[in-house]
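Participant: Kindly return the folded structure for what I paste below:
(one chain, ligands or ions: 2)
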Amino acid sequence: MNQPHSALDTALKHAMRLSGQHLYAGRLQAPLGGKTFPVSSPATRQPVGMAADGDERDVTAAVDAAVAAKSDWAAMSPRARGQILQKAAASLAEHTEEIATMLALETGKAIRTESRVEANVLADCFEFYGGLGSELKGETIPFAPNMLVFTQREPIGVVAVILPWNAPLMLMAFKIAPALVAGNTVVIKSAEEAPLSTLFVVDLLNRTLPPGTINILSGFGPTCGGPLIADPRIGKVTFTGSVETGKIIARAAADRLIPATLELGGKSPMIVMEDADLERAVAGAVAGMRFTRQGQSCTAASRMFVHRSLCEEFVARMSNVVNAMVMGDPLDERTDIGTIISAAQLDRVRSYVDIGRQMPGVQTLQLSSMPEASELKDGFFVQPTVFVGVSNDDRLAREEIFGPVTCVIPFDDYEEVISMANDSDYGLAATIWTKDLRRALDATQRLQAGFVQVNQNIVAQPGLSYGGIKLSGLGKEASMEAMLDHFTQKKTVLISRE
Ligand code: NAI
Ligand code: MG
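Facilitator: Numbers count the residues shown, from 1 in each chain. Ligands and ions are numbered 1, 2, ... in the order given. Below you'll find the predicted structure:
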């Protein structure tokens with residue numbers, strides 16, 4: 001038997017073992033209300049397993065566990081906590097193949113281009129934060145000669161983590177690794193569309209971490225996520241997902257006056273100036289639009305502003321690259337593009353594609369081709385779609401589609417394109433492609449986004465602060481500052497020498 005098959009068998013066995021369970025207080029736990037819901041492959045629609053349908057009772061029990069574990073975990077030296085995280089990172093790295101397979105199975109993300117990459121980022125993120133324990137420093141303040149004044153950082157306590165399905169493992173790592181090394185315990189609520197891969201990873205981490213430090217529930221937003229953030233023992237909430245749910249979470253946090261980190265949507269501009277290296281810009285556009293992930297990324301370069309003189313060639317070259325990509329079985333190594341996550345998301349994406357098709361003057365390019373295998377015939381596949389000639393005022397250019405759909409918007413003038421790029425409710429990421437250094441620097445100052453790149457379009461990485469402005473959210477993730485600013489609270493201590 002070859003390697004991929006044995007990873008599949010192992011992943012399915014784990015899915016069976018974890019089916020219908022939460023994990024808290026150090027072990028798998030059946031839902032107290034006795035309810036579960038099915039998890040199936042978005043590619044074949046075959047069952048993968050079951051997930052626990054958590055409610056308020058499970059929330060109370062999981063938070064009990066996180067509260068019970070909190071003092072001992074906080075009392076450890078930060079470096080010792082970091083060493084535990086790095087040990088956990090090593091065990092994640094040993095299981096990359098099973099983790100990636102489980103992720104591909106339940107989310108439809110292609111194993112080679114997406115799921116394996118994400119499984120590696122997951123382990124890397126724990127490794128990164130594990131090294132930062134000794135950076136949880138305070139300051140000494142020269143306030144008065146007869147006093148010693150200093151600040152110290154303390155853990156907040158129990159952190160609620162609400163996850164989305166689009167990059168569930170990477171986003172979970174960006175949230176829980178800094179929370180844990182800073183001395184907090186966590187209760188996670190997984191996304192209903194991706195409960196098993198996150199549970200699998202938490203089960204692995206739980207073998208290294210003390211019981212109760214890391215807890216995970218599955219269930220639906222209002223019935224499981226809602227009670228979690230409302231629990232009076234939660235000291236902080238961190239969320240990635242839609243703007244609407246982000247606002248619900250911000251309101252709930254405001255009621256309890258606890259801090260919230262919110263990573264929300266995007267409609268990220270990519271500007272291709274007339275002097276850009278077209279070949280690199282096209283490669284950056286394909287990567288930036290996350291076509292391999294069916295465009296299901298908050299950072300997706302979904303507004304491509306291309307100088308009119310290059311527009312035709314840019315579109316032709318990008319179409320060639322995407323046409324050559326293979327859409328198919330997420331578990332097949334030859335596949336470049338997997339599926340959309342769910343029927344609901346597929347409908348949503350199709351409705352936007354229909355809007356574009358009906359717009360006069362807009363050219364619609366549908367690229368790559370639908371898979372032919374009969375076992376994939378009901379899978380949630382959709383062809384990568386490029387709309388050429390959309391205006392920045394159209395719905396297609398204003399609303400987050402969260403699918404493999406991008407708009408190419410021609411422009412003539414630099415000032416015009418900067419103002420169009422900034423004319424958006426969102427402000428997550430932006431890129432500009434030019435050989436003119438002065439212009440590149442000017443654009444990095446003026447583009448309203450939290451993550452701005454010139455002549456490249458790389459994804460969020462451990463070590464680089466990541467997070468948006470405007471409706472794209474509040475707070476940063478993935479960096480040391482994110483750990484210090486969002487998962488600790490500062491105390492100022494004044495000691496008299498008299
Ligand atoms: P969502 O924001 O509703 O769900 C994300 C998480 O929040 C899930 O775990 C969900 O159970 C939880 N949740 C939902 N309602 C809640 C509530 N009242 N209280 C507490 N937790 C709650 O996103 P959904 O419905 O999965 O996707 C809808 C759209 O959101 C997508 O089409 C996309 O545009 C956007 N989205 C953006 C993401 C990003 O990375 N920024 C990730 C996922 C979705
Ligand atoms: Mg929702």
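Participant: ok, now how distant is the residue nearest the centre of the chain from ligand 1?
Facilitator: In the chain, the centroid-proximal residue (C-alpha atoms, centre = their mean) is L171; its distance is 4.0 Å. With distances taken as C-beta to the nearest ligand atom, to the nearest Å, L171 is found 7 Å from ligand 1. (Each C-beta comes from the backbone N, C-alpha and C, glycine too.)
Participant: name the element that residue belongs to?
Facilitator: In the assignment (DSSP states H and E), L171 maps to helix 168-181.
Participant: Name the residues of that helix that are buried.
Facilitator: The neighbour-count check on helix 168-181 (16 or more other C-beta atoms under 10 Å) flags 168-181 as buried.
Participant: and what of stretch 14-24?
Facilitator: Buried-residue list, stretch 14-24, by 16+ other C-beta under 10 Å: 14-15, 18-24.
Participant: Averaged pLDDT, stretch 321-329. What do you get?
Facilitator: Averaging pLDDT along stretch 321-329 yields 98.
Participant: contact partners of that stretch?
Facilitator: Stretch 321-329 has contacts (C-beta atoms under 8 Å, 6 or more residues apart in numbering) with 43-44, 282-283, 286, 291-292, 334-338, 367-371, 373, 375-376, 381, 383-384, 386.
Participant: So which of the residues you listed belong to strands?
Facilitator: Judged by DSSP state E, the subset of the contacts of stretch 321-329 located in strands is V386.
Participant: Nearest to ligand 1 among the buried residues of helix 168-181?
Facilitator: When these are compared for distance to ligand 1 (C-beta to the nearest ligand atom), L171 comes out closest, at 7.2 Å.
Participant: picking up where we left off before, pLDDT for the buried residues of helix 168-181 - can I get that in TSV?
Facilitator: TSV is the format used below for those (pLDDT from 0 to 100):
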residue	pLDDT
P168	98
L169	98
M170	98
L171	98
M172	98
A173	98
F174	98
K175	98
I176	98
A177	98
P178	98
A179	98
L180	98
V181	98
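Participant: so, in contact with ligand 1 or not, the longest helix anywhere in the chain?
Facilitator: With secondary structure taken from DSSP state H, the chain has its longest helix at helix 56-75. No: Helix 56-75 does not reach ligand 1 (C-beta under 6 Å from any ligand atom); its nearest approach is 10.8 Å.
Participant: Name the nearest residue to the residue of the stretch 251-400 of the chain found nearest ligand 1, ignoring sequence neighbours.
Facilitator: Nearest residue of the stretch 251-400 of the chain to ligand 1: C298, at 3.3 Å (C-beta to the nearest ligand atom). Spatial nearest neighbour of C298, chain neighbours left out: G266 (4.6 Å); criterion: C-beta to C-beta, 6 or more residues apart in numbering.
Participant: and that neighbour, how many residues sit next to it?
Facilitator: 31 (other C-beta atoms under 10 Å).
Participant: With N184 instead?
Facilitator: 24.
Participant: quick one: it and P155 touch, right?
Facilitator: Yes: counting by C-beta atoms under 8 Å, N184 touches P155, with 4.5 Å between them.
Participant: where do the contact lists of the two overlap?
Facilitator: Both N184 and P155 are contacted by 70, 73-74, 487, under the criterion C-beta under 8 Å, 6+ apart.
Participant: any idea whether the residue in the stretch 1-150 of the chain that ligand 1 sits nearest to is helix, strand or coil?
Facilitator: Here the stretch 1-150 of the chain gets closest to ligand 1 at one residue, G54, 10.4 Å apart by C-beta to the nearest ligand atom. Taken by DSSP: H, G, I helix; E, B strand; the rest coil, the conformation at G54 corresponds to coil.
Participant: Can you list the buried residues in stretch 331-351?
Facilitator: By 16+ other C-beta under 10 Å, the buried positions in stretch 331-351 come out as 331-332, 335-342, 345-346, 349.
Participant: What's the local residue count around I248?
Facilitator: By other C-beta under 10 Å, the residues close to I248 number 17.
Participant: Is it correct that it falls within a helix?
Facilitator: Yes: assessed by three-state DSSP, I248 belongs to a helix.
Participant: Now name the helix or strand holding the residue in the stretch 51-200 of the chain that ligand 1 sits nearest to.
Facilitator: Closest contact between the stretch 51-200 of the chain and ligand 1, by C-beta to the nearest ligand atom, is at P164 (3.3 Å). Counting by DSSP H and E, no helix or strand carries P164.
Participant: Check Q445 too.
Facilitator: Using DSSP H and E, Q445 falls in helix 437-446.
Participant: what sits up against that helix?
Facilitator: Here helix 437-446 makes contact (C-beta under 8 Å, 6+ apart) with 271, 273, 414, 418, 422, 432, 434, 452, 454-455.
Participant: again, only using 6 Å
Facilitator: Applying C-beta atoms under 6 Å, 6 or more residues apart in numbering, the contact partners of helix 437-446 are 418, 432, 434, 452, 454.
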